[in-house]
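Undergrad: got a predicted structure here, sequence first:
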Amino acid sequence: MKARVNGQERELAEGATVAAVLDLLGAPATGVAVALDGEVVPRAAWASTPVPEGAAVEVLTAVQGG
């Protein structure tokens, strides 16, 4: 199935979860926020939240500095 991840179309496994998308991206375990179709997904729900076909996933990583 396909979904847009950070603006790029990606092929994901059927039933892929938000956590699987983060693994695919190699996202760090902390300092990350995820939105699925514009709605923030709480960290506790990443492993149980499926990414539907055609969904838009935005992964934001916190950056320190000034």
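TA: Happy to help now that I have it.
Undergrad: check what pLDDT Gly66 gets.
TA: Note for Gly66: predicted pLDDT of 66.
Undergrad: now Ala55, nearest residue through space, not along the chain?
TA: Excluding the flanking residues, the one nearest Ala55 by C-beta to C-beta, 6 or more residues apart in numbering is Ala3, at 4.7 Å. Glycine gets a C-beta too; all of them are placed from N, C-alpha and C.
Undergrad: surely the one you found touches Val57?
TA: Yes: with contact defined as C-beta atoms under 8 Å, Ala3 reaches Val57; the gap is 5.9 Å.
Undergrad: roughly how far does the residue nearest to Ala55 sit from Glu39?
TA: Applying C-beta to C-beta, to the nearest Å, the value for Ala3 to Glu39 is 14 Å.
Undergrad: out of these two, which sits in the busier spot?
TA: Neighbour tally, Ala3 and Glu39, criterion other C-beta atoms under 10 Å: the higher count belongs to Ala3, 20 against 8.
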